[in-house]
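> compute the structure for the input listed below.
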Amino acid sequence: MLGYSEKLMITIPQAISIVKENGKTLLKSTTKSVEKAGGYILFEDILSSINMPPFRQSAMDGYALNLHDDLSYELIGEVKAGDGHELKLNKGQAIRIFTGAPVPESANAVMMQEKVKANGNTITIEQQIPVEHNIRPLGEQVKAGDIALKKGTKLTPAAIGYLISLGITKVSVFKKPNIAIVTTGNELVEPGQDLPHGKIYESNSKMLLSALYNLKFYDVTLYKVEDDYTKTVETLNTAINNNDLVLITGGISVGDYDFVGKALNELHVKQLFYKVKQKPGKPLFFGKKEATQIFALPGNPAAALSCFYVYVYIALQQMMGRETVELPRITSKTTNSFLKKGDRPQFLKGIYNNGHVEILDGQNSSMLQTFALANALVFVPENVNNINTGDDIEVILLPK
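Here you go, the predicted model:
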């Protein structure tokens, strides 16, 4: 049964630790075409079937040489990128060559064109150069049979380009989690409809959906349930049985019409923590049922989004098998002062820029206007009340 006592509230570090201890990688794989695998994590090592580069390659436009003791060379031909023919150079001979073109086996250096004077079929170089100068050796990046990228590597645009350059078209990646977002409340109206007195437009689900899309999680199902106990139980049961992660917004407090806690109890969800000593986001629930993780987030939008970035983000990264699971935290200097009220640690919305952070006005947990401008959360510890201009403070950088 959900219970609450100020003395039983856990701390932020305790809550983060519990999320980490109970998270796990989804040991499921899926096959993706390489060009559509951006943001995924490799499920297994990728071996290269070719050398890269697959031939000795010119690093620049210039002249390939078969070196000798003189500075003058006989020009006997040309090789450009994509040519497949092989020219034979004797000592003292050269060919015109272009960036990326194959260097003949009989050439042992490339002189950049800016340091060459051409006169008909004769060229003169400015100075002697060492063997293999400006030649990319066979297999310089990776050799055939070697590991090109290791299991656990995040597929960035550069990684995608690299794999395609090796001729790889499909990869096995960690399957991303199925995610449910459940919103509760009779007061909620969908945008685009008339707004009767006493109602508000429902924004939390679209806000969380956008945050998930921004992190490249696209397998998301939205559920909406009114303040009805039976319907809450039915909806949560469906969401939990069909998803790896369930995010619930609203209904987790102890009001007469907050049915989420009771419904989770009836569904035998194991409570791992409920209530965190923090502001915003004190009424935060985290639990599990079998392999499904459940976060019941506060109904206030700014509180819900803060908890998403501090806690849910960790669970998502763990599911994907990533080693770094928290958002970056750095120390920054404040550009303005702030007076913290109360004894709870706080996550404040701020704008970080080049080692400095501005703490914004309008920190109420129900307000998104300030959050819309922020690119960081400023963490104010429990024992700090006065923040002065120029103070060092911890900043959590939000995803771009």
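> where does pLDDT dip in this protein?
1-7, 186-189, 193-201, 251-257 (pLDDT under 70).
> let's see 80
Applying pLDDT under 80 to the chain flags the ranges 1-8, 185-203, 250-258, 366-367.
> now do the helices in it.
For the chain, the helices defined by DSSP state H occupy 12-22, 157-165, 204-214, 229-241, 260-266, 301-307, 313-319, 369-373.
> hmm, who's touching the last one?
Just to be clear, that refers to helix 369-373. Under the contact criterion Cβ atoms under 8 Å, 6 or more residues apart in numbering, helix 369-373 has outside partners Pro301, Ala302, Leu305, Lys349, Ile351, Leu360, Asp361, Gly362, Gln363. C-beta: built from backbone N, CA, C; applies to glycine.
> thinking again about what came up before, among the helices of the chain, which comes closest to Pro381?
Closest of those to Pro381 is helix 12-22, at 9.3 Å (criterion: Cβ to Cβ).
> so who does the closest residue to Lys143 other than its chain neighbours touch?
In this structure, Lys143 finds its nearest non-sequential neighbour in Asn51, 5.5 Å apart by Cβ to Cβ, 6 or more residues apart in numbering. Counting by Cβ under 8 Å, 6+ apart, Asn51 touches Leu138, Gly139, Val142, Lys143, Ala144.
> what is the burial count for the first one?
Read that as Leu138. 15 (other Cβ atoms under 10 Å).
> need the contact list for it.
The contact partners of Leu138, taken as Cβ under 8 Å, 6+ apart, are Asn51, Pro53, Pro54, Phe55, Arg56.
> 6 Å - rerun?
Asn51, Arg56 (Cβ atoms under 6 Å, 6 or more residues apart in numbering).
> before we move on, the earlier item: for the contacts of Asn51, which single residue is the most surrounded?
Val142 (20 neighbours).
> let me see the contact set for the residue lying closest to it once chain neighbours are set aside.
Spatial nearest neighbour of Val142, excluding adjacent residues (Cβ to Cβ, 6+ apart): Ser48 at 4.6 Å. By Cβ under 6 Å, 6+ apart, Ser48 lies in contact with Val142, Ala144, Asp146, Ala148, Leu166.
> which phi and psi does the closest residue to the third one other than its chain neighbours have?
It stands for Asp146. In this structure, Asp146 finds its nearest non-sequential neighbour in Ser48, 5.8 Å apart by Cβ to Cβ, 6+ apart. Torsion angles at Ser48 (phi, psi; degrees, to the nearest 10) stand at phi -80, psi 130.
> can I get the contacts of Ser48 in TSV including distance to Ile12?
Listed next are those as TSV, based on distance: Cβ to Cβ, whole Å:
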residue	distance to Ile12
Val142	43
Ala144	50
Asp146	44
Ala148	40
Leu166	44
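> can you tell me which of these is nearest Glu35?
For those, the nearest to Glu35 is Leu166 (13.7 Å; Cβ to Cβ).
> distance-wise, check that closest one relative to Asn51.
Distance, Leu166 to Asn51, by Cβ to Cβ, to the nearest Å: 10 Å.
> can you pull the contacts of the nearest residue to Asn134 once chain neighbours are set aside?
Leaving aside its sequence neighbours, Asn134 sits nearest to Val110 (Cβ to Cβ, 6+ apart; 3.9 Å). Contacts for Val110 (Cβ under 6 Å, 6+ apart) come out as Ser58, Gly62, Ala64, Asn134, Ile135.
> pretty sure the second one contacts Ala109?
No: using Cβ atoms under 6 Å, Gly62 makes no contact with Ala109, being 9.6 Å away.
> more neighbours, those two?
Remark: of Gly62 and Ala109, Gly62 carries more neighbours, 24 against 21, as counted by other Cβ under 10 Å.
> what sits opposite the closest residue to Ala304 other than its chain neighbours in the beta ladder?
Leaving aside its chain neighbours, Ala304 sits nearest to Leu297 (4.2 Å; criterion: Cβ to Cβ, 6+ apart). Leu297 forms beta bridges with Thr249, as assigned by DSSP bridges.
> surely Leu297 meets Thr249?
Yes: in this structure, Leu297 is within contact of Thr249 by Cβ under 6 Å, at 5.0 Å.
> what's the overlap in contacts for the two?
Counting by Cβ under 6 Å, 6+ apart, the shared contacts of Leu297 and Thr249 are Ala304.
> what's near enough to touch Gly250?
Residues counted as contacts of Gly250 (Cβ under 6 Å, 6+ apart) are Thr184, Gly185, Gly299.
> picking that back up, tell me the contacts of the residue nearest to Ala304?
Contacts of Leu297 (Cβ under 6 Å, 6+ apart): Thr249, Ala304, Cys307.
> of the residues you listed, keep whichever come out buried.
Applying 16 or more other Cβ atoms under 10 Å to the contacts of Leu297, the neighbour count classes Thr249, Ala304, Cys307 as buried.
> against Gly192, how distant is the last one?
Pointing back at Cys307 there. Distance, Cys307 to Gly192, by Cβ to Cβ: 28 Å.
> same check, this time on Asn214
Applying Cβ to Cβ to Asn214 and Gly192 gives a distance of 23 Å.
> out of these two, which sits in the more crowded spot?
Per other Cβ under 10 Å, whichever of Asn214 and Gly192 has more neighbours is Asn214, with 11 against 6.
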